[in-house]
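1. Coordinates for the following, if possible.
(2 chains)
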Amino acid sequence: DTAVSQTPKYLVTQMGNDKSIKCEQNLGHDTMYWYKQDSKKFLKIMFSYNNKELIINETVPNRFSPKSPDKAHLNLHINSLELGDSAVYFCASSQEGRAHGYTFGSGTRLTVV
Amino acid sequence: AQTVTQSQPEMSVQEAETVTLSCTYDTSESNYYLFWYKQPPSRQMILVIRQEAYKQQNATENRFSVNFQKAAKSFSLKISDSQLGDTAMYFCAFMKRGGSTLGRLYFGRGTQLTVWP
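-> Predicted coordinates for the structure are as follows:
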């Protein structure tokens, strides 16, 4: 199936831990994104990569580090997790120049306890 | 900066009826795209409909249509013949065409739509 795959779907972890969320797309898109959806459902961009190059880096703590080994993958690593990091994290992809919007992954619900 | 405003946090409609969700946006750009996304309880973000700003004709996708008023910066979504499966959070979103923030989506805060039997 063509899609944006995100793993894991759920992640429960203790404060202070380090965790990663993986994202892969097989749509041939050249741009990938990470969005955070808070408890009030507001979606805000964190990062975007175009052909492995960082394009958008919003004001997020340095504890969040995206890594794009190739244009089909964009992973998110989070160090020293805090309670406030609890949210749903969405990966998405799009193709530059095409106004089709994003294809989203199914989201990762991160709960920090 | 671009902002998207959805003034109705919640709406409800009876099955088979028609409902309209409001969205306004603020931008100095002339070339952009507008979208409506749906997020059902499954959490998946699903594209409902999109509109290119340079097209005057309103987009339609089956039971979903938009009323795009560029001068008023308004982009409402009409759902006809509402179905129980339409129950979801609906997000209006704006994307500038081109530029250094290429592809960035600006979202409204969403409208929770409930369809009642």
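2. And the residue of chain A closest to chain B?
-> A:Phe104 (3.8 Å; Cβ to the nearest Cβ). C-beta coordinates here come from the backbone N, C-alpha and C atoms, glycine included.
3. neighbours of the spatially closest residue to that residue that is not a sequence neighbour, just the number please.
-> In this structure, A:Phe104 finds its nearest non-sequential neighbour in B:Met45, 3.8 Å apart by Cβ to Cβ, 6 or more residues apart in numbering or on different chains. If you count neighbours by other Cβ atoms under 10 Å in any protein chain shown, B:Met45 ends up with 26.
4. can you check B:Arg97 too?
-> By other Cβ under 10 Å, the residues close to B:Arg97 number 16.
5. residue contacts, the closest residue to it other than its chain neighbours?
-> Spatial nearest neighbour of B:Arg97, chain neighbours left out: B:Asn31 (4.2 Å); criterion: Cβ to Cβ, 6+ apart. Applying Cβ atoms under 8 Å, 6 or more residues apart in numbering or on different chains, we find B:Asn31 in contact with B:53-54, B:96-98.
6. same question, B:Thr20
-> Counting by Cβ under 8 Å, 6+ apart, B:Thr20 has contacts B:67, B:76-79.
7. ok, those vs chain A, which is closest?
-> Looking across these and measuring by Cβ to the nearest Cβ, the closest to chain A is B:Leu77, at 14.2 Å.
8. helices and strands around the lowest-mean-pLDDT helix or strand in chain A, which ones?
-> For chain A, using mean pLDDT, DSSP states H and E, the weakest element among its helices and strands is strand A:53-57, scoring a mean of 83. Applying 3 or more Cβ pairs under 8 Å, 6 or more residues apart in numbering or on different chains; DSSP states H and E, one finds that strand A:53-57 makes contact with strand A:43-50.
9. Relative to the strand it packs on, what are the paired strands and their orientations?
-> Under the criterion DSSP bridges, strand A:43-50 sits next to strand A:31-37 (antiparallel), strand A:53-57 (antiparallel) in its sheet.
10. Switch the ones you listed over to JSON lines; also include mean neighbour count and distance to A:Asn79.
-> Below are the strands paired with strand A:43-50 laid out as JSON lines (neighbours: other Cβ atoms under 10 Å in any protein chain shown; distance: least, Cβ to Cβ, whole Å):
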{"stretch": "strand A:31-37", "mean neighbour count": "24", "distance to A:Asn79": "15"}
{"stretch": "strand A:53-57", "mean neighbour count": "14", "distance to A:Asn79": "16"}
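11. looking at the ones you listed, which is closest to A:His73?
-> Among those, strand A:31-37 comes nearest to A:His73, with 7.9 Å by Cβ to Cβ.
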